[in-house]
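Trainee: I would like the atomic coordinates for the input below:
(one chain, ligands or ions: 1)
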Amino acid sequence: SPALGSSDGNLTQLEYLALNSSLNVADAHARQSLTLGQASIIEELPGLFTKAAEQPVDSLEEEAIREYFQLLGQYSYPVADGRVLSCYSSSVAMEILARSLATRTDAVALIHPTFDNIPDILRGVGLRLVPVAEEKIGVEDLGAEVLGQVGCIFVTTPNNPTGRVLTEERLRALAEECAKYDTVLALDTSFRGFDTRAQYDHYEVLEASGCRWVVIEDTGKLWPTLDLKIGWLVRSANVGLPIAEIYSDILLGVSPLILVLVQRFAEDAANGGLEELHRFLDEGRRGLRSTLAGLPDVRFPDVDARGSVERIDLGPRLAMDVWHAISEHNVYALPCRKFHWANPSEGDHSLRVALARNPAALDAAGQALRTVLETL
Ligand SMILES: N=C(N)NC[C@@H](O)CC(=O)C(=O)O
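Mentor: This next block holds a predicted model:
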């Protein structure tokens with residue numbers, strides 16, 4: 001059973017506790033209402049089911065991949081030789097990558113902080129982790145002392161929970177370093193849909209560098225599809241990892257109905273839906289910051305973050321004290337301790353709030369949080 005707010009539970013166990021609350025602002029899954037455009041797609045489900053049942057799956061997959069990748073600016077993804085694998089979720093893709101890496105190396109450099117299921121999955125297959133601060137990755141070459149010691153460097157961009165984005169220039173420099181040291185460059189781009197700064201053509205940069213690379217794309221955080229989603233596991237031709245073999249240990253393929261659903265939601269997003277989503281989340285972020293304005297020692301450290309989450313610096317207050325107090329109001333957010341997987345105490349005074357929620361729920365959660373912060 002999920003750890004009841006214990007400090008040794010992982011973030012997802014804390015998210016389980018929130019699942020039945022109407023004021024769940026813990027997980028970064030999309031829980032806002034469908035837009036009119038999205039609702040009309042759901043109305044078409046019987047017809048989509050027929051299409052999914054009758055159309056060959058390789059063409060459904062090509063359509064879904066093309067619509068989603070091009071929506072987010074990723075025109076140079078590998079179309080041929082099956083180098084884009086559809087998985088049930090990005091975490092399933094992550095597990096396949098981890099197992100593949102463990103056959104070739106014993107150590108991985110990993111961005112710090114980041115969502116704790118990534119280090120947990122990597123450690124779960126026996127890999128030793130070397131933390132690399134996101135600030136360092138974002139500004140300077142890592143050199144042999146990092147890249148020469150590991151078989152892979154793993155970067156979440158935009159990062160979670162900070163929203164920090166790896167710029168095109170830094171991606172190019174990092175990819176060139178990885179080519180030099182023959183180190184696999186792996187990216188988790190689950191939050192790229194929220195931030196146009198993360199929508200330059202990463203595959204063009206990666207392919208041009210000649211490095212060995214893997215990218216995990218995640219449709220699951222963008223749209224309220226009740227966790228019907230795909231994690232795409234993409235790799236370079238020269239990656240030199242048994243990814244396709246291990247994929248075949250885990251699954252044959254995803255449901256063609258989910259492929260059709262993703263293709264249609266991506267099409268709607270391309271027709272104005274993505275900009276609408278950005279405006280929606282920006283309003284949520286501004287509303288939360290306004291609700292909490294003026295509280296002593298409360299700050300928002302990620303000033304230009306655009307993802308579907310907002311990190312709050314609580315000053316001297318302990319996040320676990322705030323977590324327990326707001327749970328009395330049926331509000332659940334995420335204490336940031338476990339994002340700081342190599343140095344947990346760094347996260348003891350910050351809290352993450354999910355923004356992909358209906359405005360009334362987010363506002364009620366913000367009001368309850370303010371009430372608690374005024375007393376702690
Ligand atoms: N496999 C796991 N643990 N899934 C939870 C993950 O989707 C939540 C997440 O990424 C976030 O709340 O930021």
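
Trainee: How about the residues of the chain by the ligand?
Mentor: Neighbours of the ligand within the chain, by CB under 6 Å from any ligand atom: 12, 27-28, 91, 115, 117, 160. No exception for glycine: its C-beta is placed from N, CA and C like everyone else's.

Trainee: Buried among those? Make that a ChimeraX selection.
Mentor: With 16 or more other CB atoms under 10 Å as the criterion, this ChimeraX line picks the buried residues out of the residues of the chain next to the ligand:
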select :12,27,28,91,115,117,160
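
Trainee: Would you format the residues of the chain next to the ligand as CSV with secondary structure, distance to Val254 and pLDDT included?
Mentor: Formatted as CSV, the residues of the chain next to the ligand follow (DSSP: H, G, I helix; E, B strand; the rest coil; distance: CB to CB, whole Å; pLDDT from 0 to 100):
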residue, secondary structure, distance to Val254, pLDDT
Thr12, helix, 21, 97
Asp27, coil, 21, 98
Ala28, coil, 21, 98
Ser91, helix, 14, 98
Phe115, coil, 22, 98
Asn117, helix, 20, 98
Asn160, coil, 23, 98
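
Trainee: Name the nearest of the residues of the chain next to the ligand relative to Lys136.
Mentor: Asn160 (17.4 Å; CB to CB).

Trainee: Leaving out the residues flanking it, which one is nearest to that closest one?
Mentor: Spatial nearest neighbour of Asn160, excluding adjacent residues (CB to CB, 6 or more residues apart in numbering): Phe115 at 4.7 Å.

Trainee: which ones are touching that neighbour?
Mentor: By CB atoms under 8 Å, 6 or more residues apart in numbering, the residues touching Phe115 are 11, 156, 160-161, 339.

Trainee: Of these, which pair is most distant in space?
Mentor: Counting by CB to CB, the most remote pair of the contacts of Phe115 is Leu11 and Thr156, 13.5 Å apart.

Trainee: Span of stretch 218-236 from start to end?
Mentor: 18 Å (CA to CA, to the nearest Å).

Trainee: Could you list the buried residues of it?
Mentor: 218-225, 228-236.

Trainee: Can you dump the C-alpha atoms of stretch 41-50 in PDB for me?
Mentor: Extracted in PDB, the C-alpha atoms of stretch 41-50 (Å, rounded to 0.1, in the frame of the first residue of the first chain):
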ATOM      1  CA  ILE A  41     -13.100  13.700 -30.700                       C
ATOM      2  CA  ILE A  42     -14.400  11.700 -27.800                       C
ATOM      3  CA  GLU A  43     -17.900  11.900 -29.400                       C
ATOM      4  CA  GLU A  44     -16.300  10.200 -32.400                       C
ATOM      5  CA  LEU A  45     -14.900   7.200 -30.500                       C
ATOM      6  CA  PRO A  46     -17.200   4.600 -32.100                       C
ATOM      7  CA  GLY A  47     -15.900   5.700 -35.500                       C
ATOM      8  CA  LEU A  48     -12.300   5.900 -34.200                       C
ATOM      9  CA  PHE A  49     -12.700   2.300 -32.900                       C
ATOM     10  CA  THR A  50     -13.700   1.100 -36.400                       C
END
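
Trainee: what sits up against it?
Mentor: By CB under 8 Å, 6+ apart, stretch 41-50 touches 34, 257, 260-261, 264-265, 268.

Trainee: could you give me the average pLDDT of that stretch?
Mentor: Regarding stretch 41-50, the rounded mean pLDDT is 98.

Trainee: Counting neighbours, show which residues of it come out buried.
Mentor: Those would be 41, 48, for stretch 41-50 by 16+ other CB under 10 Å.

Trainee: Same question for stretch 121-136.
Mentor: In terms of neighbour count (16+ other CB under 10 Å), stretch 121-136 has its buried residues at 121-122, 127, 129-132, 134.

Trainee: Which one of the contacts of Phe115 is nearest to the ligand?
Mentor: Of all those, Asn160 has the smallest distance to the ligand: 5.0 Å, by CB to the nearest ligand atom.

Trainee: Show the contacting residues for the closest one.
Mentor: 28, 114-115, 190-191, 307, 309, 339.

Trainee: Would you map the strands across the stretch 1-150 of the chain?
Mentor: Here the stretch 1-150 of the chain has its strands, by DSSP state E, counting those that start in this stretch, at 23-24, 84-87, 107-112, 128-133.

Trainee: Including mean pLDDT, could the ones you listed go into TSV?
Mentor: Shown next, in TSV, are the strands of the stretch 1-150 of the chain (pLDDT from 0 to 100):
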stretch	mean pLDDT
strand 23-24	98
strand 84-87	98
strand 107-112	98
strand 128-133	98
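
Trainee: Just put the ones you listed in a markdown table and tack on distance to Thr291.
Mentor: As requested, these are exported to a markdown table (distance: least, CB to CB, whole Å):
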| stretch | distance to Thr291 |
| --- | --- |
| strand 23-24 | 13 |
| strand 84-87 | 38 |
| strand 107-112 | 30 |
| strand 128-133 | 31 |
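
Trainee: Now stretch 243-255: buried residues?
Mentor: Applying 16+ other CB under 10 Å to stretch 243-255 flags 243-244, 246-247, 254 as buried.

Trainee: Can I get those in TSV including secondary structure?
Mentor: Below are the buried residues of stretch 243-255 laid out as TSV (DSSP: H, G, I helix; E, B strand; the rest coil):
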residue	secondary structure
Ile243	helix
Ala244	helix
Ile246	helix
Tyr247	helix
Val254	coil
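
Trainee: Name the nearest of those residues relative to the ligand.
Mentor: Checking the buried residues of stretch 243-255 against the ligand with CB to the nearest ligand atom, the nearest one is Val254 at 15.9 Å.
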